[in-house]
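> can't give you the sequence, but here's the structure:
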């Protein structure tokens, strides 16, 4: 079958999901053409994966591993078909085409095999996108149908009027209810019990449904029950809702109720947590003592962090007061690096990932990037005109001076500290991506990520700030200049991220001016 119109006609004449999916995969197999095709799902066992038996053979790849490759490659959700690495399958050439996504990664993948499959997919991309869209629709319609069928079956099962309502709709189901000992109940629209399973009656201590329904004081806190039913009416369900009930013998029971609304009826399952709550009460005093200790530890940690931040700012201002920087220079640099670091963490464009704490660490440490300038003589540091070659060589040494003082302090602490990252930035923030920077001429990703991020923040701030020897550039002109220097001065990946969020840099600039 090679004509898509014929495929659409065939799908309209079929009611079975499995048959529709088979027709679509068969069209891909013969209509593209492909030597083999399979549909893989991340959580489906091999026996349940839908496949057309063809020349694909035994596929060693699955959607979980394909999703891992997707993530490592940093491919966006819109990415099309990709070639799988050698060794993932025994086929000569295998391509993976995402069908459905979860959390930005493909969990349902169409796998294609063929000697010319890459060329074929490129030539027939429109056709492939159309039929895979049909396959997604078929699968989604099937899921919706099964969900509706389940809800209808549950409603029919539990909405009868007999003493054991509708339990005989499905043969043997009453045995399942008894075997699982489910404390299941059903209430009408007013909240009056009209069904209770044997397990529910046993839990509540009532011999019959009539005894339970006639108990007006069953709920010790009627307002809590009213709030629960109102919540179920509003959102359709509740999970582990706390209630207190009175047993048939008058004992107080702590309950957690999970309930749903089907039609005008409430269905729920009770869980008795009385014993657990009693144990928790015994532990309450011990927990309160532990909470006090934790609060003391946290208070000490916060004080240490404030002291650390104050020390960094004091050190940074030593260099700032000797330079021509404005009062908000440090604050802007902190915010710029935080913006870039947050995007790197969210997008994960490299082969490694950075932790959430990195954003705070780099925005703090970057304040010390020019600490080495305290060792530069005033006649060079404060010179209003252009530096001669000898003066420029001395000026460049501020990177090494900064590294030496911070690295030595870091070593004296005996382990890696907040100064470790600061020393790295101080040494390498003037390195350039093409290897023409200083002090060591490091190149590409051999330049630490923290220094590559700081370089963009530092240059943007320098360009948009007035100096004795130049006027401040406009934001737009600075953005164009940084884009022009992608791949030479700056990491092109970071420049791309900067280009996406440069308006946030402008807002920081407006906020911290002066």
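Arrived safely. Just so you know, these numbers come straight off a predicted model, no measurement behind them.
> give the contact list for residue 260.
For residue 260, the contacting residues are 232, 236-237, 266-268, by C-beta atoms under 8 Å, 6 or more residues apart in numbering. (C-beta placed from N, C-alpha, C; glycine too.)
> part of a helix, is it?
No: the assignment for residue 260 (DSSP: H, G, I helix; E, B strand; the rest coil) gives strand, which keeps it out of a helix.
> State the distance from it to residue 401.
Between residue 260 and residue 401 the distance is 68 Å, computed by C-beta to C-beta, to the nearest Å.
> With residue 41 instead?
According to C-beta to C-beta, residue 41 and residue 401 sit 58 Å apart.
> and residue 208, how many neighbours does it have?
Using other C-beta atoms under 10 Å, the number of residues around residue 208 comes to 12.
> low-confidence ranges in this structure?
Low-confidence segments of the chain, defined by pLDDT under 70, are located at 1-3, 42-80, 82-93, 102-105, 143-144, 146-181, 276-327, 410, 412-418, 514.
> Which parts of it are strands?
36-41, 51-52, 82-83, 94-102, 105-113, 184-187, 193-196, 237-246, 252-262, 265-272 (DSSP state E).
> just so I know, which of those strands lies nearest residue 372?
strand 105-113 (43.8 Å; C-beta to C-beta).
> in its sheet, what does the closest one sit against?
The partner list of strand 105-113 in its sheet, established with DSSP bridges, is strand 36-41 (antiparallel), strand 94-102 (antiparallel).
> for residue 244, what are its contacts?
So residue 244 contacts 219-221, 224, 252-255 (C-beta under 8 Å, 6+ apart).
> Now do the closest residue to residue 98 other than its chain neighbours against residue 114, distance only.
Distances taken as C-beta to C-beta, 6 or more residues apart in numbering put residue 106 closest to residue 98, at 3.6 Å, once the chain neighbours are dropped. For residue 106, the distance to residue 114 (C-beta to C-beta) stands at 20 Å.
> With residue 404 instead?
60 Å.
> Neighbour count for those two, which is higher?
Just comparing residue 404 and residue 114: by other C-beta under 10 Å the higher neighbour count belongs to residue 114, 24 against 16.
> Tell me how many other residues crowd the nearest residue to that one once chain neighbours are set aside.
In space, and not counting its chain neighbours, residue 114 is closest to residue 35: 4.1 Å by C-beta to C-beta, 6+ apart. The number of residues packed near residue 35 is 19, by other C-beta under 10 Å.
> please begin residue numbering at 50 from this point
Renumbered: residue one is now 50, and that last one reads residue 84.
> isn't residue 84 right up against residue 166?
Yes: judged on C-beta atoms under 8 Å, residue 84 makes contact with residue 166 at a distance of 7.3 Å.
> wait, what's in contact with the nearest residue to residue 512 once chain neighbours are set aside?
Excluding its sequence neighbours, the residue lying closest to residue 512 (C-beta to C-beta, 6+ apart) is residue 527, at 4.1 Å. Contact criterion C-beta under 8 Å, 6+ apart gives 509, 512-513 as the residues in contact with residue 527.
> Among the residues you listed, which lie within helices?
Among those, DSSP state H puts 509, 512 in helices.
> Would you mind measuring from the residue nearest to residue 163 to residue 77?
11 Å.
> Residue 63 versus residue 428, what's the distance?
Counting by C-beta to C-beta, the gap from residue 428 to residue 63 is 87 Å.
> actually residue 543, not the one I typed
With distances defined as C-beta to C-beta, the gap from residue 543 to residue 63 amounts to 51 Å.
> and if you look at residue 234?
For residue 234, the distance to residue 63 (C-beta to C-beta) stands at 42 Å.
> next one: residue 504
Distance of residue 504 to residue 63, computed by C-beta to C-beta: 60 Å.
> and those two? which has more neighbours close in?
residue 504 (27 against 14).
> I'd say that one and residue 479 touch.
Yes: distance between residue 504 and residue 479: 7.3 Å, which falls inside the contact criterion (C-beta under 8 Å).
> Same list, the strands of the chain, but as JSON lines with distance to residue 70 please.
Shown next, in JSON lines, are the strands of the chain (distance: least, C-beta to C-beta, whole Å):
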{"stretch": "strand 85-90", "distance to residue 70": "7"}
{"stretch": "strand 100-101", "distance to residue 70": "10"}
{"stretch": "strand 131-132", "distance to residue 70": "22"}
{"stretch": "strand 143-151", "distance to residue 70": "11"}
{"stretch": "strand 154-162", "distance to residue 70": "11"}
{"stretch": "strand 233-236", "distance to residue 70": "36"}
{"stretch": "strand 242-245", "distance to residue 70": "39"}
{"stretch": "strand 286-295", "distance to residue 70": "31"}
{"stretch": "strand 301-311", "distance to residue 70": "30"}
{"stretch": "strand 314-321", "distance to residue 70": "33"}
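> For residue 417, find the nearest of those strands.
Closest approach to residue 417 among the strands of the chain (C-beta to C-beta): strand 154-162, 38.3 Å.
> in that closest one, what's buried?
154-162 (16 or more other C-beta atoms under 10 Å).
> Residue 560: how many residues sit nearby?
When neighbours are defined as other C-beta under 10 Å, residue 560 has 11 of them.
> Residue 416 now?
The burial count for residue 416: 25, using other C-beta under 10 Å.
> was I right about it contacting residue 378?
No: judged on C-beta under 8 Å, residue 416 makes no contact with residue 378 at a distance of 9.5 Å.
> what's near enough to touch residue 308?
With contacts defined as C-beta under 8 Å, 6+ apart, residue 308 is in contact with 277, 281, 286-287, 290, 315-318.
> now with 10 Å?
The neighbourhood of residue 308, defined by C-beta atoms under 10 Å, 6 or more residues apart in numbering, consists of 234-236, 277-278, 280-281, 285-288, 290, 315-319.
> Now do the contacts for residue 175.
Residue 175 is in contact with residue 53, counting by C-beta under 10 Å, 6+ apart.
> any idea how far it is from residue 163?
If you measure residue 175 against residue 163 using C-beta to C-beta, the figure is 18 Å.
> hang on, the earlier thing: mind listing the shared neighbours of residue 504 and residue 479?
A shared contact of residue 504 and residue 479, defined by C-beta under 10 Å, 6+ apart, is any residue touching both; here these are 418, 486, 538.
> what about burial for the residues you listed, which qualify?
418, 486, 538.
> tally of neighbours for residue 321?
The criterion is other C-beta under 10 Å. On that basis, residue 321 has 16 neighbouring residues.
> residue contacts, it?
Taking C-beta under 10 Å, 6+ apart as the definition of contact, the neighbours of residue 321 are 232, 252-253, 294, 296, 302-305.
> Could you chop this structure up by domain?
The chain breaks down into these structural domains: 53-198, 224-321, 350-560 (assignment by automatic domain parsing).
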